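> predicted model, plus sequence, below.
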Amino acid sequence: YRDIGVEIAYRMPEGVSAEAAMDGWLDSPAHEAVMLERGPWSAAGWKAMGVAVYGDYAVAWFGKQQDTGR
């Protein structure tokens with residue numbers, strides 16, 4: 001991916017699940033704003049997204065340009 005991206009992360013020392021990360025992000029006004037394009041992110045127009053969950057961490061990434069997979 002060769003354009004601007006924004007990442008949000010979530011950590012649980014005992015291990016994280018996708019559900020726990022999503023709940024955590026939605027409970028955080030700043031993270032929810034990124035995900036749902038609200039407030040300062042209202043004009044973001046995300047066209048690409050990626051998510052990874054591994055061990056103690058979950059990360060979601062959002063991009064403004066379509067990801068062509070190249």
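Good, I have the coordinates.

> distance check, residue 3 against residue 15.
Residue 3 sits 32 Å away from residue 15 when distances are taken as CB to CB, to the nearest Å. Heads up, the C-betas are built off the backbone N, CA and C, glycines and all.

> just residue 57 next, same as before
For residue 57, the distance to residue 15 (CB to CB) stands at 10 Å.

> next one: residue 30
From residue 30 across to residue 15, the span is 24 Å (CB to CB).

> could you do residue 54 as well?
Separation of residue 54 from residue 15 (CB to CB) stands at 10 Å.

> over to residue 67?
In this structure, residue 67 and residue 15 are 28 Å apart, going by CB to CB.

> and residue 60, what does it touch?
If a contact means CB atoms under 8 Å, 6 or more residues apart in numbering, then residue 60 has 7, 8, 9, 21, 25, 35, 49, 50, 51 as its contacts.

> same thing but at 7 Å, please
Neighbouring residues of residue 60 by CB atoms under 7 Å, 6 or more residues apart in numbering: 8, 49, 51.

> what bridges to the first one?
This points to residue 8. Applying DSSP bridges to residue 8 yields these beta-bridge partners: residue 60.

> quick one: the strands in this protein?
In the chain, the strands defined using DSSP state E lie at 5-11, 48-54, 57-63.
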